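Colleague: Build me a model:
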Amino acid sequence: MPQFLTVTLVKITEALLLQKDYFRGHAIWKPLEVELHRRRNNMNNQDLAKVVHALGSTGNATAFFFEDLEETIIDSPIPIENEHLTKMLNGYSLVDQGTPVFYSHCAEVLIHRGLDNLTSFELANICRDFRRATNTPQGAAGFYKAAEKHLSNELH
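Modeller: Numbers count the residues shown, from 1 in each chain. A predicted model of the protein is given here:
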């Protein structure tokens, strides 16, 4: 796998997601995870989101992988766009990975940027993802309350 470009590895990961039932537990996941882990700090936000979402959706990555990527996401010097952050949040919640710090970070970033940048559908999906994860802080670090207030104001 080291001979492949990072973009190619991301595309392979996405293709495996499309056939996740066929490739469940397949031997390809371990070397793919190792190589993606090695390159995690060199991926752009979009590729990182695709990888996290695909591995979360398929459930074929280890807890160690998600723990290390969590640090990469939180410590990213380049702000992660809402669309990519919500995709990562979804991937983490699907496999119930991530620490309370990760979920608090996601909630704080989304609230700080303003919920008016998100559609009602996106807000509902984010709330669903926070609810799905067992390590989400109480009240999803204020996200539920902010979302409720935003939706209430939007409806009036």
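
Colleague: and the helix or strand bottoming out on mean pLDDT in the chain, C-alpha only, in CSV?
Modeller: The least trusted helix or strand in the chain, going by mean pLDDT, DSSP states H and E, turns out to be helix 143-155, with a mean of 87. In CSV, the C-alpha atoms belonging to helix 143-155 read as follows (Å, rounded to 0.1, in the frame of the first residue of the first chain):
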residue,chain,number,x,y,z
PHE,A,143,-25.4,21.8,21.3
TYR,A,144,-28.9,20.5,21.9
LYS,A,145,-29.9,23.7,23.7
ALA,A,146,-28.4,25.9,21.0
ALA,A,147,-30.0,23.9,18.2
GLU,A,148,-33.4,24.0,20.0
LYS,A,149,-33.1,27.8,20.4
HIS,A,150,-32.0,28.2,16.8
LEU,A,151,-34.8,26.1,15.4
SER,A,152,-37.3,27.9,17.6
ASN,A,153,-36.2,31.3,16.3
GLU,A,154,-36.2,30.1,12.8
LEU,A,155,-39.8,28.8,13.0
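
Colleague: Which strands or helices does that helix pack on?
Modeller: Helix 143-155 sits against helix 100-113, helix 120-132, with contacts defined as 3 or more C-beta pairs under 8 Å, 6 or more residues apart in numbering; DSSP states H and E. All C-beta spots, glycine's among them, are computed from the backbone N, C-alpha and C.

Colleague: Just the helices from this structure, written as ranges.
Modeller: 6-18, 29-38, 45-58, 63-74, 82-94, 100-113, 120-132, 143-155 (DSSP state H).
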